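A.B. asks: Sequence and predicted model, in that order:
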Amino acid sequence: MPRWPWLLLGGLLLLAILTGLGAGPFPLSPAEVARLLLAGPAAEGDAAFVVWSLRLPRVLAGLLVGAALSGSGAAYQAMFRNPLVSPDILGVSAGAGLGAALAILSGLALLQVQGLAFAGGLAAVGLVYQVAGRVRRHDPVLVLVLAGVAVGTLFSAGIALVKVLADPTVQLPAITFWLLGGLHAITKGDLVRAAPLVAAGLIPMFLLSWRVNLLTLADEEAAALGVNVPRLRFVLIVSATLMTAASVAIAGIVGWVGLLVPHAARLLVGPEFSRLLPASLLLGAAFLVAADTLARSVAGIELPLGVLTAIVGAPAFLWLLARSGRST
């Protein structure tokens, strides 16, 4: 495989990081940003405070959340043999949203909101898997998708009910703003708690990447090649759910990253999962950092990140879809 896709991905990631650290009401040049980073956290001055205390945690959050969502999207698309699958296909985003909405309705602190959001995401996927496990006469992939749609709809109805019950002056705006997604409230402590969960999901994906390719075959063919398909599918679901739930818990619901980025990465490096996964991680991290930089720079107020990713992601996905259609 040629090196240029990896050089391109690395260059895009570096550009996104330097732009994210330099853009804002206190603009800094890439050279100044690089100098402050090399100087370390002990650097003094207003510029150092802006870079190390305000912008760097936000950029790191964008890298973590973008990589997690795109990596889980790549895993789900490989597992379901469908490039149009996104990380919330099994209801994890709806479950996390309901958990966060209930926490806000109860007046809990931010850390408890994040904890309930994470638990809600895991609960939704656990319910989907339990329901799918009781249906054995149909295609297991199809059953998982249908159960995910049903559970996601149920949890979305729960979110709507919580909005109706919420105080319209305080609680309802907080719930709505959380559901729209954003990196503005993420702290270093949030990163410390979320990073191990994302790593715990990524490690099995990398270790099993060669087996994931076999899931593109029919279950019988993959089993004939020595793959325990139900066990592998379960490991991938748990891994991807951990990554997605951890991301949604600290950043809210940020759509389109897990759907669009793996599709674009596939065009660059091909469908082989051992290449697709790292490419999706790099491209997803760069995409979300760039989107967050636009969200806080393009207007006088900060735009919700989930809205901006949808505005950028939907047309880009349509273009990629049309391009791939012409190439067939």
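C.D. replies: That came through fine.

A.B. asks: For A223, see how far away the residue most central in space within the chain is.
C.D. replies: Nearest to the mean C-alpha position of the chain, by CA atoms, centre = their mean, lies L69 at 2.0 Å. Going from L69 to A223 by CB to CB, to the nearest Å gives 30 Å. Placement of C-beta: from N, CA and C, glycine included.

A.B. asks: Ramachandran coordinates for the residue nearest to the centre of the chain?
C.D. replies: phi -70, psi -40 (degrees, to the nearest 10).

A.B. asks: Can you name the residues that contact it?
C.D. replies: Shown in contact with L69 (CB atoms under 8 Å, 6 or more residues apart in numbering): 87, 243-244, 247, 254, 257-258, 261, 284, 288.

A.B. asks: Please, where are all the helices along the stretch 101-250 of the chain?
C.D. replies: Applying DSSP state H, counting those that start in this stretch to the stretch 101-250 of the chain gives helices spanning 110-133, 140-165, 171-180, 188-207, 209-212, 219-224, 229-251.

A.B. asks: Out of those, flag the one nearest A34.
C.D. replies: helix 188-207 (21.6 Å; CB to CB).

A.B. asks: Distance from the chain centre to the helix or strand bottoming out on mean pLDDT in the chain, please.
C.D. replies: The weakest-scoring helix or strand in the chain, judged by mean pLDDT, DSSP states H and E, is helix 305-327 (a mean of 79). Taking the mean of its C-alpha atoms, helix 305-327 sits 16 Å from the chain's own mean (CA atoms, centre = their mean, to the nearest Å).

A.B. asks: From G24, how far out is A322?
C.D. replies: 35 Å.

A.B. asks: With neighbour numbers in mind, choose between these two.
C.D. replies: With neighbours defined as other CB atoms under 10 Å, A322 and G24 compare such that G24 has more, 15 against 10.

A.B. asks: Burial-wise, tell me which of the helices of the stretch 101-250 of the chain comes out on top.
C.D. replies: Most buried of the helices of the stretch 101-250 of the chain, by mean neighbour count (mean count of other CB atoms under 10 Å): helix 229-251, with a mean of 24.
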